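S.K.: With the sequence up front, the predicted model follows.
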Amino acid sequence: MRRLLLLLYVSLPLLFLSGCGASLAADRHDAERLLLIQTLGLDSGEGLYRMSVSSGLGPEDKPALVMSTGSHSIEGAIADLQNLSPENQLFYAHVQYILLGESAAKEAMNDIIRWVDRSPTLRMDTNMLIVKGTAAEAVVGSSEASTDITQRLESLDRQARSTGWTIQTLRDVATALSQGDGALCMAVQTVPAENAVFTEDMQSDAVVPAGYAVLGPEGLVGFLTPEQSLGAALLTRDTTGLLITVAGNTMELLDGSARIEGQFSADGAPEGVTVSCTLRTGVLETSRERELTPDQLDAALSETVAGWVADALRQAQDAKCDFLGLKNAVLRSAGARERWGGGWNELFSTLPVTISVDGRVDRSYDLEEW
């Protein structure tokens with residue numbers, strides 16, 4: 001009897017495994033029919049959406065499937081792409097990057113964010129970038145047999161993180177817009193690689209960083225220059241590791257912080273903004289044209305960074321779009337949020353701003369220092 005019970009104890013689970021095995025085999029077969037889309041680009045214009053997608057390189061470097069089509073709706077474009085697909089079911093749950101062309105970012109950014117938020121497959125934590133030009137140019141123009149847009153964006157992402165930059169997600173942008181008057185999003189552009197990459201099978205366009213895109217409540221406001229983007233970064237996030245060039249010297253930011261405070265009238269209304277930055281850098285490469293003393297280098301660092309910050313703030317005020325988040329920082333100081341009645345948008349563009357930067361070059365890495 002004990003042997004019989006032992007035999008039943010061991011064999012019963014095996015009876016169910018046969019069914020599980022069949023189910024797993026069926027699931028695996030179904031999964032093999034799915035083609036994962038990894039990069040999705042959207043453009044808009046003349047009442048149409050253009051969707052461009054890439055599956056990324058497949059097993060054994062199988063070329064990516066790259067497709068592009070237009071429709072009157074995003075869901076219509078998805079259906080058209082599926083009808084045009086030469087193989088398998090297109091699957092969007094693993095999209096890593098969503099690219100918005102300039103037109104889509106200007107005209108339909110909020111509609112696109114809401115579409116992703118409602119989607120049962122796409123995710124709000126997907127990386128989002130704004131393309132100078134069209135997303136179709138980036139997706140199609142940078143893909144070929146041995147590489148595709150996803151690989152290029154993964155490389156750009158790794159390089160950005162190693163030098164102090166980050167790519168924003170749709171959730172980052174949506175949250176910033178809901179909390180203030182604007183948001184920043186990394187911008188990219190396509191450039192010809194034919195005069196830089198000489199491998200025979202690498203003749204497609206490259207995708208390179210292009211500073212920050214400025215997004216307002218209604219969509220794309222414009223683009224910051226690389227220098228303005230550096231100034232904006234210093235005011236909005238941790239910039240440790242950022243590479244900057246000052247008077248021909250390439251430096252790494254070792255530590256940086258910004259303090260934003262408001263000046264107020266007797267009734268609590270903002271009358272001005274004070275921005276104080278503290279920076280510590282290390283020199284990676286010195287200028288070939290002129291050598292500065294340590295004091296001169298500190299002064300050049302402070303002056304240059306102050307100019308970047310001032311330009312970024314000027315852009316925000318001229319556009320009447322507080323993408324730097326000054327409102328919350330100003331109203332937090334001295335408990336102004338409780339004392340002031342409102343009207344920030346009316347005041348923001350005319351508030352005088354005072355900027356001070358304390359820049360120090362702590363390490364020059366010169367051999368004579370050892």
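M.R.: In hand now; what should we look at? Numbering: from 1, shown residues only.
S.K.: for the stretch 101-250 of the chain, what spans make up the strands?
M.R.: Taking DSSP state E, counting those that start in this stretch as the test, the strands found in the stretch 101-250 of the chain are 127-131, 183-191, 206-216, 219-223, 243-246, 249-264.
S.K.: need these in CSV with mean neighbour count, mean pLDDT and distance to residue 233, can you?
M.R.: Where you see a C-beta, it was placed from the backbone N, CA and C, and this is true even at glycine. Formatted as CSV, those follow (neighbours: other C-beta atoms under 10 Å; pLDDT from 0 to 100; distance: least, C-beta to C-beta, whole Å):
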stretch, mean neighbour count, mean pLDDT, distance to residue 233
strand 127-131, 26, 97, 16
strand 183-191, 22, 94, 8
strand 206-216, 23, 93, 8
strand 219-223, 19, 95, 14
strand 243-246, 18, 92, 10
strand 249-264, 18, 90, 9
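S.K.: just so I know, which of those strands lies nearest residue 62?
M.R.: Using C-beta to C-beta as the measure, strand 206-216 is the one of the strands of the stretch 101-250 of the chain that comes nearest residue 62, at 21.4 Å.
S.K.: how far does that closest one sit from the chain's center?
M.R.: A distance of 8 Å separates the C-alpha centroid of strand 206-216 from that of its chain, computed with C-alpha atoms, centre = their mean, to the nearest Å.
S.K.: That one pairs with which strands, and in what direction?
M.R.: Each strand pairing with strand 206-216, determined using DSSP bridges, is listed with its direction: strand 183-191 (antiparallel), strand 219-223 (antiparallel).
S.K.: before we move on, back to that, of the strands of the stretch 101-250 of the chain, which is nearest residue 92?
M.R.: Going through these one by one, with C-beta to C-beta as the measure, strand 127-131 comes closest at 14.4 Å.
S.K.: who's in contact with the closest one?
M.R.: Outside strand 127-131, the residues that touch it by C-beta atoms under 8 Å, 6 or more residues apart in numbering are 41, 96-102, 105, 137-138, 153, 157, 167-170, 173, 185-190, 213, 215, 220.
S.K.: Please apply the same query to stretch 104-115.
M.R.: Counting by C-beta under 8 Å, 6+ apart, stretch 104-115 makes contact with 42-45, 49, 74, 98, 100, 130, 135, 170, 173-174, 213, 215, 218-220, all of which sit outside it.
S.K.: got it, and stretch 238-250?
M.R.: Among residues not part of stretch 238-250, those counted as contacts by C-beta under 8 Å, 6+ apart are 162-165, 230, 233, 251-256, 281, 283-290, 292, 297, 300-301, 304-305.
S.K.: Ramachandran coordinates for residue 82?
M.R.: The phi and psi torsions at residue 82 (degrees, to the nearest 10) take the values phi -60, psi -40.
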